[in-house]
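Novice: here is my input, please return the structure:
(2 chains)
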2 protein chains.
Amino acid sequence: MPNIESVEHAEPCCPPLTERPLTAEEAVRTAAMFKALGDPVRLRLFSLVASHDGGEACVCDISDVGVSQPTVSHHLKKLKETGLLTSERRGTWVYYRVEPSVLAAMGHILGRVGA
Amino acid sequence: MPNIESVEHAEPCCPPLTERPLTAEEAVRTAAMFKALGDPVRLRLFSLVASHDGGEACVCDISDVGVSQPTVSHHLKKLKETGLLTSERRGTWVYYRVEPSVLAAMGHILGRVGA
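Specialist: Numbering: from 1, shown residues only, chains lettered A, B, ... in the order given. Got it, this is the predicted structure:
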């Protein structure tokens, strides 16, 4: 058994998908993470935040994705709700940052060894 | 730049999400993979196939997921369409098997080094 306890603060649970079938409860929890990245605009926004200088971005940093600023905000909020992003308000703007433990746990579920 | 060519036959493209923003086209392609695992029943079925003896399973091997056999078949077909499963008919049944290169590519996008 891999030590899933080593994945700190991870929202998703569960051993690699190849190890044993997920329970219904585990599947609900984990599917929510995958669903969050299952929308093209949301996935693109996530990659914009994840690859931005300093590892964080606000709506003010995001342009050229072909959707309005309220739509950008909506998607970022969704990503935060599922634990993939964290946020911090500084002055006028809310800055978003990737939660690496959640990405690591998703990688672990997909079969990443030692994540 | 990582050598994404080393991920053989992978449906999803793209470098790790932390490396650079995805293009619109890349995001469409990759979001489809995540979406396929973004449904609890489908994710659970995927884990049943992925963890089954011999690395493959047919609808006849799957029970106790709380959905009908036609629904199971529908979800397995969806997973096949997105490239996450491959299938082979043998006699009465269609056997499904995980496509490891697609899982590896998804892990790579989530930041898995060397996937």
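
Novice: buried stuff in whichever strand or helix holds residue A:105?
Specialist: Assigned by DSSP states H and E, residue A:105 belongs to helix A:100-109. Neighbour-count burial for helix A:100-109, counted by 16 or more other C-beta atoms under 10 Å in any protein chain shown, picks out A:101-109. For glycine as for every other residue, the C-beta is placed from the backbone atoms N, C-alpha and C.

Novice: also near chain B: which of those residues, exactly?
Specialist: A:103-104, A:106-107 (C-beta under 8 Å from any C-beta of the partner chain).

Novice: on that earlier part again, farthest-separated two in the buried residues of helix A:100-109?
Specialist: A:101 and A:109 (12.8 Å; C-beta to C-beta).

Novice: picking up where we left off before, going by distance to residue B:62, which of the buried residues of helix A:100-109 wins?
Specialist: residue A:109 (19.7 Å).

Novice: which is the next helix or strand following the one helix or strand residue A:80 maps to?
Specialist: For residue A:80, the host element (DSSP H and E) is helix A:69-81. Using DSSP H and E, the helix or strand that follows helix A:69-81 in sequence is strand A:85-90.

Novice: hmm, residue A:34 is touching residue B:32, no?
Specialist: No: Residue A:34 is not in contact with residue B:32 according to C-beta atoms under 8 Å; the separation is 11.3 Å.

Novice: ok, those two, which is more surrounded?
Specialist: residue A:34 (24 against 18; other C-beta atoms under 10 Å in any protein chain shown).
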